[in-house]
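[1] take this sequence and fold it.
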Amino acid sequence: MARCAVLHADVQENPPLDGYTDIRTGGWIARLPASWRPYALLMRADRPIGTWLLFLPGLWGIALWAPGWGTGIWLTLLFFVGAFVMRGAGCVVNDLWDRDIDGRVERTRGRPLASGAVTPRQAVAFLAALCLTGLLILLQLNTASIWLGVISLVPVVLYPLAKRVTDYPQAVLGLTFGWGALMGPVAAGAPLGWPVALLYLGTICWVFAYDTIYAHQDREDDAMLGIGSTALTFGDNTRPMLAVCYSVTVGLVAVVGWQVGLSAWFFAGLALPAALLLRQVVTLDIDDPGHCLVLFKSNREVGLALALVILLGRL
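    The predicted model follows:
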């Protein structure tokens, strides 16, 4: 995607900003009441890919351990709504920490806090409402899941700080976005044992890799601001790093499938998500931010394909 892309903002509400951005103010966002739009953008409702990526590890866990279809469908609905709400809360926390930095980065300077469309006080009040909604959803789960949900707030709060103190903030994001790989199984009744731990570790590797692809969009800005990023750390070596991380992900998921007794259909079906991941490795161009975004978003299909082959293995 060329750097000359334009942010098509509502002319009356927000003057257009020249430069590359992934903010989307059109579509259903444009049909919201004007006073609601900044909050929808603040929680990234214009870009649902983050909700999907937060939700999918939990879906894998539910698919692996749910005792029946009824329980599985109910948990899936709870986890999806919870992912939407808590991903939004995490974005608000991130933007509160980064509002000064965001104003100096081309891709993010149109965010509501950085642009002044939402004040910090308003953002905190909105964050409280999102967290209360998330708590109501969390209380529908079993006790162990509730405690895991409470503990998950630690990496959620720490992630925005990671880029200031480490060159590997994507590892912290892996701990955060992979949390569903712990909560999904536990909500479905699985004990916290080796299979769940290996699923979590594999998910961390997956998140670490795909967020490195995403980070290549901001590589120049991050270098200028002195912000840590695995896109800067690995640079031209990103492709082999992806190959290693994605191989570990597929390998660990295969081990989990063997441990829980999935059928041969699961192991045959793993070729599909593995092929989708291989495509990312082969086609990566770290100097094309638009294509990096496309590859990053393609991980939704990877996650859905993996959930499908897990269900296939349980038939």
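[2] low-confidence ranges in the stretch 1-150 of the chain?
    Along the stretch 1-150 of the chain, the model assigns pLDDT under 70 to residues 1-23, 25-26, 103, 105-106.
[3] helices along that one, start to end?
    The residue ranges that make up the helices of the stretch 1-150 of the chain, judged by DSSP state H, counting those that start in this stretch, are 27-30, 37-42, 49-65, 69-102, 112-115, 120-138, 143-151.
[4] quick one: the second one to chain centroid distance?
    I take that to be helix 37-42. Relative to the mean C-alpha coordinate of its chain, helix 37-42 is positioned 18 Å out (C-alpha atoms, centre = their mean, to the nearest Å).
[5] which elements pack onto that helix?
    Helix 37-42 sits against helix 27-30, helix 69-102, helix 112-115, helix 120-138, with contacts defined as 3 or more C-beta pairs under 8 Å, 6 or more residues apart in numbering; DSSP states H and E. Every C-beta, even on glycine, is put in place using the N, C-alpha and C of the backbone.
[6] got a markdown table for those helices, with distance to residue 165 too?
    Formatted as a markdown table, the entries for these read as follows, by distance: least, C-beta to C-beta, whole Å:
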| stretch | distance to residue 165 |
| --- | --- |
| helix 27-30 | 34 |
| helix 69-102 | 12 |
| helix 112-115 | 21 |
| helix 120-138 | 22 |
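[7] out of these, which is closest to residue 195?
    Counting by C-beta to C-beta, residue 195 lies closest to helix 69-102 out of those; the figure is 17.2 Å.
[8] chain center to the closest one: distance?
    In terms of C-alpha atoms, centre = their mean, the centre of helix 69-102 is set 9 Å apart from its chain centre.
[9] what ranges do the helices span in the stretch 151-300 of the chain?
    Across the stretch 151-300 of the chain, reading from the start of the chain, the helices by DSSP H, counting those that start in this stretch fall at 153-165, 169-177, 180-187, 194-215, 219-225, 230-234, 238-259, 264-269, 271-283, 289-297, 299-314.
[10] of the helices of the stretch 1-150 of the chain, flag the one that's most buried.
    Most buried of those by mean neighbour count (mean count of other C-beta atoms under 10 Å) is helix 49-65; its value is a mean of 24.
[11] that one to helix 289-297, inter-axis angle?
    Computed by axes from the mean of the first three to the mean of the last three C-alpha atoms, to 10 degrees, the angle separating helix 49-65 from helix 289-297 equals 20 degrees.
[12] about what we covered before: between the helices and strands packed on helix 37-42, which one is closest to residue 260.
    Nearest to residue 260 among the helices and strands packed on helix 37-42 is helix 69-102 (14.4 Å), distances taken as C-beta to C-beta.
[13] other SSEs contacting that closest one?
    For helix 69-102, the elements it packs on are helix 37-42, helix 49-65, helix 112-115, helix 120-138, helix 153-165, helix 180-187, judged by 3+ C-beta pairs under 8 Å, 6+ apart.
[14] what's next to the last one, contact-wise?
    Right, helix 180-187. Applying C-beta atoms under 8 Å, 6 or more residues apart in numbering, the external contacts of helix 180-187 come out as 54-62, 64-65, 75, 78-79, 83, 141-142, 144-145, 148-149, 152, 192, 195-196, 199-200, 202-203.
[15] now it and helix 143-151, what's the angle there?
    For helix 180-187 against helix 143-151, the angle between stretch directions is 150 degrees (the same axes, to 10 degrees).
[16] hey, C-alpha coordinates of stretch 149-164 in CSV?
    Coordinates of each C-alpha in stretch 149-164 appear next as CSV, following Å, rounded to 0.1, in the frame of the first residue of the first chain:
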residue,chain,number,x,y,z
GLY,A,149,-9.5,-13.6,33.2
VAL,A,150,-8.5,-11.4,36.1
ILE,A,151,-4.8,-12.4,35.8
SER,A,152,-5.0,-11.5,32.1
LEU,A,153,-5.3,-7.9,33.0
VAL,A,154,-1.6,-7.9,33.9
PRO,A,155,-0.2,-8.4,30.4
VAL,A,156,-3.0,-6.2,28.9
VAL,A,157,-1.7,-3.3,31.0
LEU,A,158,2.0,-4.1,30.5
TYR,A,159,2.0,-4.6,26.8
PRO,A,160,1.9,-0.9,25.8
LEU,A,161,5.0,-0.3,28.0
ALA,A,162,7.0,-3.1,26.5
LYS,A,163,8.0,-1.2,23.4
ARG,A,164,9.7,1.3,25.7
